[in-house]
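Colleague: sequence and predicted structure below; questions after.
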Amino acid sequence: MPYTPSLDGLKALAHPRRLQIMERLAMYGPATSATLARALDLNTGATSYHLRALARFGFVEETGGGEGAHGRERWWRAVSQDLRLPPRSQQDPETRRVVDEMNRLAYASDLRLFAWLQGAQGEEAGAWLDAFPYSRGTIRLTLDELRDLFEDYIALLNRYKRPPEQTPADARTVLTRFLAFPAPDPDTDLGADPDTRPDANPDSDSDPSAGPDRRSKKED
């Protein structure tokens with residue numbers, strides 16, 4: 001059943017560290033706060049705090065120990081659910097700001113992962129990299145047909161979902177994304193494409209790898 005979080009739930013989720021935790025749990029399965037802290041370069045206290053905040057709104061939950069579990073470790077997993085955002089027309093200004101920030105963080109993460117995949121070497125450059133699908137296109141639809149297209153996509157994904165014990169040994173976690181939106185009117189001013197601006201000089205002496213200093217763990 002589709003689940004739409006409250007505004008407080010959206011605020012809890014629209015945090016860079018918490019989205020990283022959700023991404024990590026979705027890709028690699030259950031983990032402890034300690035293993036998440038090591039993977040994300042955080043301290044364990046901050047990770048535990050973020051996990052409790054996510055659990056308060058049903059995004060993660062405690063589970064049995066994963067592989068190698070021992071003692072009284074607390075293991076966490078992402079809750080599998082059909083998470084839906086409030087319709088855009090029903091979002092008040094505060095909700096819209098939160099949703100926009102969450103989408104910005106999620107899209108940035110997707111682009112980072114996709115860029116990594118394009119530059120993958122060795123084992124990652126084998127059959128899996130040759131097989132991954134990529135599609136861009138246009139189609140003319142009514143509003144109702146667009147809604148139906150999205151529901152058909154969700155139904156298709158659900159056809160391939162199965163419990164771990166029924167998953168083949170050679171299966172891998174595959175990240176799926178769906179994005180569809182109406183084309184703007186022909187006379188819409190979208191602004192300059194940053195890759196085609198006159199000042200976008202590929203021979204610039206500026207260092208593209210330079211960026212802001214990494215945040216201190218105390219800031220989390």
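Modeller: Thanks, I have it. Model, not experiment: these values are computed from the prediction.

Colleague: A strand includes Tyr134, no?
Modeller: No: under DSSP: H, G, I helix; E, B strand; the rest coil, Tyr134 falls outside any strand and is assigned coil.

Colleague: so how many other residues sit close to it?
Modeller: Using other Cβ atoms under 10 Å, Tyr134 is surrounded by 5 other residues. All C-beta atoms are positioned from the backbone trio N, CA, C, and that covers glycine.

Colleague: measure it to Gln118 for me?
Modeller: In this view, Tyr134 and Gln118 are 10 Å apart by Cβ to Cβ, to the nearest Å.

Colleague: same thing with Met1?
Modeller: 37 Å.

Colleague: ok, the two, which is more surrounded?
Modeller: Taking other Cβ under 10 Å, Met1 and Gln118 do not tie; Gln118 has more neighbours (8 against 5).

Colleague: now that one: how far from Pro184?
Modeller: 28 Å.

Colleague: same thing with Thr63?
Modeller: Applying Cβ to Cβ to Thr63 and Pro184 gives a distance of 45 Å.

Colleague: so between those two, which is more surrounded?
Modeller: Neighbours were tallied for Thr63 and for Pro184 using other Cβ under 10 Å; the higher tally belongs to Thr63 (17 against 9).

Colleague: got phi/psi on that one?
Modeller: Main-chain dihedrals, Thr63, degrees, to the nearest 10: phi -150, psi 170.

Colleague: for the nearest residue to it once chain neighbours are set aside, the count of nearby residues, please.
Modeller: Leaving out its chain neighbours, the residue that sits closest to Thr63 by Cβ to Cβ, 6 or more residues apart in numbering is Arg77, at 4.4 Å. Arg77 sits with 16 neighbouring residues when counted by other Cβ under 10 Å.

Colleague: next: the one 5 residues further on.
Modeller: Neighbouring residues of Asp82 were enumerated by other Cβ under 10 Å; the total is 11.

Colleague: that one reaches Tyr3, doesn't it?
Modeller: Yes: Asp82 is in contact with Tyr3 according to Cβ atoms under 8 Å; the separation is 6.3 Å.
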